[in-house]
Structure formats: structure tokens, C-alpha cells
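>>> got a predicted structure plus its sequence, pasted below:
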Amino acid sequence: MDNKITVLAVDDEPYFLELFANRFRLRGLDVLTASSGRDALAILAEKHVDVVVLDVLMPGMDGIETLKEIKKRHPRLEVIMLTGHSSADMGLKGMRHGAYDYVMKPFEIEDLLGRIRRAHERRRLNQGYAGDDA
Amino acid sequence: MNPLRALAFAPPPKASLPRLGVAALASGLALAAAGLDGPLALASALGAAGAAFAVALPRADAGAAHGREARDMDDLLIHSQKMSVLGELSSGIAHEINTPLGIIGQETELLQLIASRSEFSSLDSSAELLERIDQISIQVERCGEITHQLLDFARKTKAVLQTVNLGELVEDMTRLVEREAGYQNITITRRYRDGKRTISTDPSLLRQVVLNLLQNAVQAVERDGMVTVGTRISGQQAEIEVTDTGCGIQPENLQRIFDPFFTTKPPGQGTGLGLSICMKIMHRLGGHIRVRSSPGQGAVFTLLLPVAGPESANTHDNPPSAYQGDRHE
Ligand SMILES: Nc1ncnc2c1ncn2[C@@H]1O[C@H](COP(=O)(O)OP(=O)(O)O)[C@@H](O)[C@H]1O
Ligand SMILES: [Mg+2]
């Protein structure tokens, strides 16, 4: 629990990313940001990340598309989906493609922090198996 | 894997080999034929293949030395073997279909690029052309979702146990369906008891199950009705209950709703894989699903889970090894 959690936030809204990074850095996380799905994949190929927080609605490669690619390349990386509006279909799709959690915007910072911690815990629990992906 | 080959991988003989062989041959032929007739025929042939195996596998003779418990065990055995045959078959088919599907997808992307070049974009019918191509890519995407579900059904899912707040998990999923339900004038009522208590389970698997039940409930009501979501813990057992005022389930269908591909919904709305995946997940979590319903009277689905989590042996399909341990192979 004491090692620092590295989160990658993916959203097409620069203002959101900045706010996100500031608020979570204040709470002791390492935060990386990406403004698109492609950007996120490029970062993941190079850097160690524990948990991804991914916006569902993005132009270009959307959240589900990005999730699929992330899970294909880094199966053990945990992803939390963020969505502006709720939809059972979209939620199910996300879960089926291996999203750890599904959070609605606007989120409460402490609540999301708790979920990020639990996603990180899951990743550590899952690490006993061969082939790390980072 | 080729579906016919998948049949050869069918689970080992607790039943007489000749009968299994006949079942395999019959269902293989049906599948091969159905493959030519398109996906719908294929789905029903898969169901039939499962049924053929169920017949070929041993049934407890009523009134014979078998007690009720033995019969239950046999039923379980038949069910699990049937599921594993279907699992092999469906993943075989999904893999086979995925390759050409991927190519169609890529070609469609190329078509989209070409069609937006100036020589085409100046045509009168350019907008229509693009629209048609978009439609192809939407349908390819839909097929992709279906093959993904097929693979999901066959996948060896590992549970990762965490401490989970029961009420919070259920509430998260309830909120996901609530807005859309509201559009159809469906009210969601909460009856959370012991919602603050925690249980040991795999949260992302359980979320998937709860969301599936909620979606089924909302689809069953269609409009103007109620879905009630409840939680409680009694002793060592946690319960999550989803009740709806929808169409209910015909008695003859009650046996079949957990079968893969069984659906009463029009194509595009249901693939019939939801409950079979839920059942599989619940077993992995050391729990099970109960259903009560009379036609016209709505339905009650209850998830029963051990508070302390499944016994470790249950969290794997097989003893852990490098790849089986993976949640997404
Ligand atoms: N709450 C419910 N009320 C009535 N029927 C239901 C309910 N839930 C499931 N069913 C029946 O079980 C079938 C299988 O459900 P499922 O496996 O989720 O597949 P799908 O939803 O894709 O049809 C449904 O088509 C429906 O006939
Ligand atoms: Mg369903």
C-alpha cells in the first residue's frame, strides 16, 4: 500500500485532465495524462502505469475501443471507466471488455480515490501469475 | 479452432462412448449445415448440440438406486459437461469468425477513406455511399461484440477476491440503469439491508452479473412498471435480489433461460448469453442464482453469495498455471 500509485488519466478535455492531475497529485498519486486513446496506448507502451482512468466518450478512438486495445496489450492493467451519462448497454460492454469499475461524472474525489486504490490492490493481487505486462 | 474439431475435444466419457459419438456426429453435421444458413440457424444448432449431449450423457434413472442427491449431482455433472462442450464449440466458432470479420472491418475502413477522396465526394450520391459504408462498419462492430461474448462464455475466468461493500456495488449498477429506465417510466425502488456490510468477492465479476439482471428486468418491464433492488445478509450468505413487474417467464422456459443462446428477444436486442455468463460467474464466486416467476407476474432473480468468498478451489476452472490464471487470455 505504501508504494506510490501511478494513474494514467485519459480524456479529450484538457481542462479536465489538468484538474484531475492537480487534485490527485495533492492526494499522493503519480498522475500521467493522455488526451486520446492513441496517446494513452503510446504512453502505456513506454511507462509503468498501475491504473487507467478512461473517459468513455472521446472523439476518434472512443473509450470502449481504447479499453479493448489496452486490455489486449496489457491484460492485467486495471481500467476505471468514467462516463458523463449512464447507460446499461455501455456499462455492460465496458465490463465485458474487462473494465474494473464504472464511475459516473461528476465524481467525488474521495470516492474515485477509493476506487483507484481498490483497482490498484486488485492489480497487486493479480500479480502472482506469470508474465507481467508493464 | 474449427467447430467440428472442437467437438472432438468434448469432455471425457462418463457416458457410453458410442452414444457420445452419435451425439457429436449429429450435432457436428447440424452445425456444419447451419453454418451455411447463417448465424441464427447456427445459434439454434448450438442449442441442439448441447441438447444432444445432454441426452447422450448419463441420466439418473427415476426410482432406481439413485437418491435425490445423486440425481442432483448427475444433473450438475450433465450441466457442467454440456456447458464445457458449448464453451469449446462457441470459442471455436468465435475464433473462426473473428478472422474474416477483422478483414471485413479493415476493408470497410479503407472504403471509408477511398469514398471520402475528392473524386467520390463530388458525386451526388456521395453522402448515401458513406452512410451505407458506415452501416457496414456498425454491423461488423455488432458481430464483434457477439463473438466477444462467445469467447467470454468459454473463457476461464479467474476470480480476484477483494473486500466489497455490498450496498455500494449494487447501487453503482442501479444508477447505471436508472436514467434509461426513467425514460420508459420504470421506477427503481431500493430495499438495501445490510448495505454497509462487506463481503469477500470479485467486484468486477459481480458488477457484471448485477448489471445483467438489472438490464433484463428493465427489458422485461418495457415501460410503466417497477424494478426493485434489494440486498441483505443472513448468516454467512449475502443476497442480492432483483424483482420486476414485467412479462414474467413461461414455466417451460424457466429451465432454459440459463442456457447459452436461449433468448426470447428479437435479434439485436438479445443474444441469450447474459444469464449463462451470469451463472458461470456465480459458480466461480462460490454462489448461485435462483429465479421465481409466473407469466404475467414479473420475475424475481436472487443472487446468493458466501460472505467469506468462495473456497479457493472454486476460483479457478483448473489449477492455476501461467495462462489459465489470466482473466483475459
Ligand atoms: N427479468 C426477466 N423477466 C422475464 N424474462 C426474463 C428475465 N430475465 C431473463 N428473462 C428471459 O431469459 C432469456 C435469457 O436471458 P439472457 O440470458 O439475459 O439473454 P438475453 O437478455 O440476451 O435474451 C430472455 O430472453 C428472457 O426470455
Ligand atoms: Mg440479458
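That came in fine, so what should we check first? Residues are numbered from 1 along each chain as shown, chains lettered A, B, ... in the order given. Ligands and ions are numbered 1, 2, ... in the order given.

>>> hey, where'd the strands end up in chain A?
A:6-10, A:30-34, A:51-55, A:78-83, A:101-104 (DSSP state E).

>>> export the ones you listed to JSON lines and tack on distance to ligand 1, mean neighbour count and mean pLDDT?
Heads up, the C-betas are built off the backbone N, CA and C, glycines and all. Below are those laid out as JSON lines (distance: least, Cβ to the nearest ligand atom, whole Å; neighbours: other Cβ atoms under 10 Å in any protein chain shown; pLDDT from 0 to 100):
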{"stretch": "strand A:6-10", "distance to ligand 1": "30", "mean neighbour count": "24", "mean pLDDT": "97"}
{"stretch": "strand A:30-34", "distance to ligand 1": "34", "mean neighbour count": "19", "mean pLDDT": "97"}
{"stretch": "strand A:51-55", "distance to ligand 1": "26", "mean neighbour count": "25", "mean pLDDT": "96"}
{"stretch": "strand A:78-83", "distance to ligand 1": "22", "mean neighbour count": "24", "mean pLDDT": "94"}
{"stretch": "strand A:101-104", "distance to ligand 1": "19", "mean neighbour count": "21", "mean pLDDT": "92"}
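
>>> figure out which of the ones you listed is closest to chain B.
strand A:101-104 (6.5 Å; Cβ to the nearest Cβ).

>>> partners of the closest one in the sheet?
strand A:78-83 (parallel) (DSSP bridges).

>>> ok, which residues in chain B are in contact with ligand 2?
Contact residues, chain B versus ligand 2 (Cβ under 5 Å from the ion): B:216, B:274.

>>> could you find the closest non-adjacent residue to the residue in the stretch 151-300 of chain B positioned nearest to ligand 2?
Residue of the stretch 151-300 of chain B nearest ligand 2, by Cβ to the ion: B:G274 (3.0 Å). Leaving out its chain neighbours, the residue that sits closest to B:G274 by Cβ to Cβ, 6 or more residues apart in numbering or on different chains is B:N212, at 4.6 Å.

>>> now for chain B, the helix or strand with the poorest mean pLDDT.
helix B:3-8 (a mean of 36; mean pLDDT, DSSP states H and E).

>>> likewise for chain A?
helix A:88-96 (a mean of 88).

>>> close to chain B, is it?
Yes: using Cβ under 8 Å from any Cβ of the partner chain, helix A:88-96 reaches chain B at A:88-89, A:91-93, A:95-96.

>>> any low-confidence regions in the stretch 201-329 of chain B?
Scanning the stretch 201-329 of chain B for pLDDT under 70 picks out the ranges B:312-329.

>>> what segments of it are strands?
B:225-234, B:237-244, B:288-293, B:299-306 (DSSP state E, counting those that start in this stretch).

>>> could you dump those strands into a markdown table with mean neighbour count and distance to ligand 1 added?
Formatted as a markdown table, these follow (neighbours: other Cβ atoms under 10 Å in any protein chain shown; distance: least, Cβ to the nearest ligand atom, whole Å):
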| stretch | mean neighbour count | distance to ligand 1 |
| --- | --- | --- |
| strand B:225-234 | 19 | 9 |
| strand B:237-244 | 21 | 5 |
| strand B:288-293 | 15 | 6 |
| strand B:299-306 | 20 | 4 |
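
>>> make CSV out of these and add distance to chain A.
Formatted as CSV, the strands of the stretch 201-329 of chain B follow (distance: least, Cβ to the nearest Cβ, whole Å):
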stretch, distance to chain A
strand B:225-234, 11
strand B:237-244, 13
strand B:288-293, 17
strand B:299-306, 15
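
>>> mind putting those strands into JSON lines with distance to B:I199?
Converted to JSON lines, those look like this (distance: least, Cβ to Cβ, whole Å):
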{"stretch": "strand B:225-234", "distance to B:I199": "8"}
{"stretch": "strand B:237-244", "distance to B:I199": "5"}
{"stretch": "strand B:288-293", "distance to B:I199": "15"}
{"stretch": "strand B:299-306", "distance to B:I199": "6"}
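
>>> how about the residues of the stretch 1-150 of chain B that lie near chain A?
B:145, B:148-149.

>>> lowest-confidence one in these?
Minimum pLDDT for those is recorded at B:Q149 (79).

>>> name the SS class of that residue, please.
helix (DSSP: H, G, I helix; E, B strand; the rest coil).

>>> just checking, it touches A:K93?
No: if you go by Cβ atoms under 8 Å, B:Q149 and A:K93 don't touch, sitting 10.0 Å apart.

>>> pull the number of nearby residues for residue 124.
I went with chain A, as the question did not name one. 13 (other Cβ atoms under 10 Å in any protein chain shown).

>>> you answered for a different chain; I wanted chain B.
7.

>>> gap between it and chain A?
29 Å (Cβ to the nearest Cβ, to the nearest Å).

>>> and whichever residue of the stretch 1-150 of chain B sits closest to ligand 2, what is it in contact with?
The stretch 1-150 of chain B approaches ligand 2 most closely through B:Q149 (10.5 Å), counting by Cβ to the ion. B:Q149 is in contact with A:96, B:271, B:273, B:277, counting by Cβ atoms under 8 Å, 6 or more residues apart in numbering or on different chains.

>>> returning to that earlier point: ok, so of the residues of the stretch 1-150 of chain B next to chain A, who is nearest A:H120?
Checking the residues of the stretch 1-150 of chain B next to chain A against A:H120 by Cβ to Cβ gives B:H148 as the nearest, at 26.2 Å.

>>> give me the distance between B:G274 and ligand 1.
3 Å (Cβ to the nearest ligand atom, to the nearest Å).

>>> ugh, wrong one, I meant B:L150
For B:L150 relative to ligand 1 (Cβ to the nearest ligand atom), the value is 13 Å.

>>> check contacts around that residue.
B:L150 neighbours (Cβ under 8 Å, 6+ apart): B:90-91, B:93-94, B:273.
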